[in-house]
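*Asks:* could you work out the structure for the sequence below:
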Amino acid sequence: MKLNPAQERFSKNIGLTFRNPDLLLEALTHASLSGAPQRDNQRLEFLGDRVLGLVIAEVLLQQAPEANEGELAPRFNALVRKETCADVAVQIDLGSALMMGRSEQASGGRRKTALLGDAMEALIAAVYEDKGFEAARAFVLDLWGDRVAAVDENSQDAKTALQEWAQARGMTPPAYIEMSREGPDHAPVFEISVELENGANAIGRAGSKRAAQQSAAAALLTALTGE
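*Replies:* Modelled structure (predicted):
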């Protein structure tokens, strides 16, 4: 199976020519596409997650030789989480080359954080399988380099930080409740409420449930800590 014009442009834009184009096609195939001659990208996503983790762990150790595990872990998590992978996917316009089912496409699949993040990990695995680890490492560092340099020493996702804040005060974990969903299927806006055992609460709004939860947690943390 040959690359379609959008995939040809994508391959050219990221500066990679695959010896085995089937690997790129597999990386760009979402599970919602039925009847495709190649496998979907779930297996490559599994591998790419590990390759990305190894590259990021290695570069963080080199960047901060004196940092301990507790200091490195939040930076690592910030750099490999699905939202970061999706941001990188948007940066290289990966969504334009994705193949997916009609229903998924109609519901805005090319812009969904989960789909983009998964495909980005699958693409890393495809580079690794086609060209080896050094090429995959260079590919990741080229795309993540600025993020690695700028990652906050105290970076931590807001949900984790809020949960730790609550646990440190003997409270049960925060409760997240979906309050509403507005807008068309391809551009939904979720409103999520987060509430602590002591009644403190906040609202977050975003285009995905996960992002809305993070927004709500960040808002409540700000209210609680004044930071």
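*Asks:* SS state for Glu58?
*Replies:* helix (DSSP: H, G, I helix; E, B strand; the rest coil).
*Asks:* gap between the helix or strand encompassing Leu116 and the chain center?
*Replies:* Element membership for Leu116, per DSSP states H and E: helix 113-131. Centroid separation for helix 113-131 versus its chain: 11 Å, with Cα atoms, centre = their mean, to the nearest Å.
*Asks:* which non-adjacent residue is nearest the residue nearest in space to the middle of the chain?
*Replies:* In the chain, the centroid-proximal residue (Cα atoms, centre = their mean) is Lys82; its distance is 1.9 Å. Leaving aside its chain neighbours, Lys82 sits nearest to Gly117 (3.8 Å; criterion: Cβ to Cβ, 6 or more residues apart in numbering). Bear in mind the C-beta positions are built from the backbone N, C-alpha and C, glycine included.
*Asks:* wait, that neighbour touches Ala86, no?
*Replies:* Yes - shown here, Gly117 and Ala86 form a contact pair, counting by Cβ atoms under 8 Å, at 4.2 Å.
*Asks:* what is the neighbour count of Met99?
*Replies:* Number of residues near Met99 (other Cβ atoms under 10 Å) recorded here: 20.
*Asks:* from Ser193, how far off is it?
*Replies:* According to Cβ to Cβ, to the nearest Å, Met99 stands 37 Å off from Ser193.
*Asks:* can I see the domain layout of the protein?
*Replies:* 5-154, 158-225 (the TED database).
*Asks:* could you export the ones you listed as CSV, including mean pLDDT?
*Replies:* Putting the domains of the chain into CSV (pLDDT from 0 to 100) gives the following:
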stretch, mean pLDDT
domain 5-154, 90
domain 158-225, 88
